[in-house]
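In: Generate coordinates for the sequence data below:
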Amino acid sequence: MMVILVLSLLPKVMQAQTPTKTDRWKQIESIKIGYLTKKLDLTTEESQKFWPVYNQYQHELYKLTKQKKEAREQNAANPDQSIDDDFDFDTKILNHKKKYRIEFGKILSAEKVKTFYIAERDFKEELIKQLKNRSDNNQ
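Out: Predicted coordinates:
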């Protein structure tokens, strides 16, 4: 129910008056944080410890994703190198997530860490679905 309510805001965010890509990203991230907050039902103490770690997790994950994209662009003419780079970055991203699973586990119960990853995945899937529906409706 909460997923539908929170994510029903996404079309409005995506249709806002010509926002920049960064503005849209910040709006989506804000909706995501609200969604995660509701799903995790963090105590005040958990919240004070969790969000700085989460922000660092997101920042590092963004950097890795950006590096992966840049490597793809640089090696567009070399399929073998492009594939190898993708595998290398996928490994780095997976290791990053494993590292932060441990960090989140220092703050949250195992059940809340599990809930976090499920909620993060559900949010991403719903976002993709919303974007696909929007794209289909614009064609």
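
In: Spatially nearest residue to Val113, not counting backbone neighbours?
Out: Phe104 (4.8 Å; C-beta to C-beta, 6 or more residues apart in numbering). Heads up, the C-betas are built off the backbone N, CA and C, glycines and all.

In: which parts of the helix or strand hosting that neighbour are buried?
Out: Under the criterion of DSSP states H and E, Phe104 resides in helix 79-105. Neighbour counts over helix 79-105 (16 or more other C-beta atoms under 10 Å) mark 82, 85, 89, 93, 100, 103-104 as buried.

In: cool, stretch 113-124 as well?
Out: Quick answer for stretch 113-124 (16+ other C-beta under 10 Å): 113, 115-116, 119-120, 123.

In: possible to save these as JSON lines with pLDDT and secondary structure?
Out: Output for the buried residues of stretch 113-124, formatted as JSON lines (pLDDT from 0 to 100; DSSP: H, G, I helix; E, B strand; the rest coil):
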{"residue": "Val113", "pLDDT": "97", "secondary structure": "helix"}
{"residue": "Thr115", "pLDDT": "97", "secondary structure": "helix"}
{"residue": "Phe116", "pLDDT": "97", "secondary structure": "helix"}
{"residue": "Ala119", "pLDDT": "96", "secondary structure": "helix"}
{"residue": "Glu120", "pLDDT": "94", "secondary structure": "helix"}
{"residue": "Phe123", "pLDDT": "94", "secondary structure": "helix"}
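
In: Out of these, which is nearest to Lys66?
Out: Nearest to Lys66 among these, counting by C-beta to C-beta, is Glu120 at 18.8 Å.

In: for the closest residue to that closest one other than its chain neighbours, what are its contacts?
Out: Once flanking residues are discounted, Glu120 sits nearest to Leu36: 6.9 Å by C-beta to C-beta, 6+ apart. The contact partners of Leu36, taken as C-beta atoms under 8 Å, 6 or more residues apart in numbering, are 54, 116, 119-120, 123.
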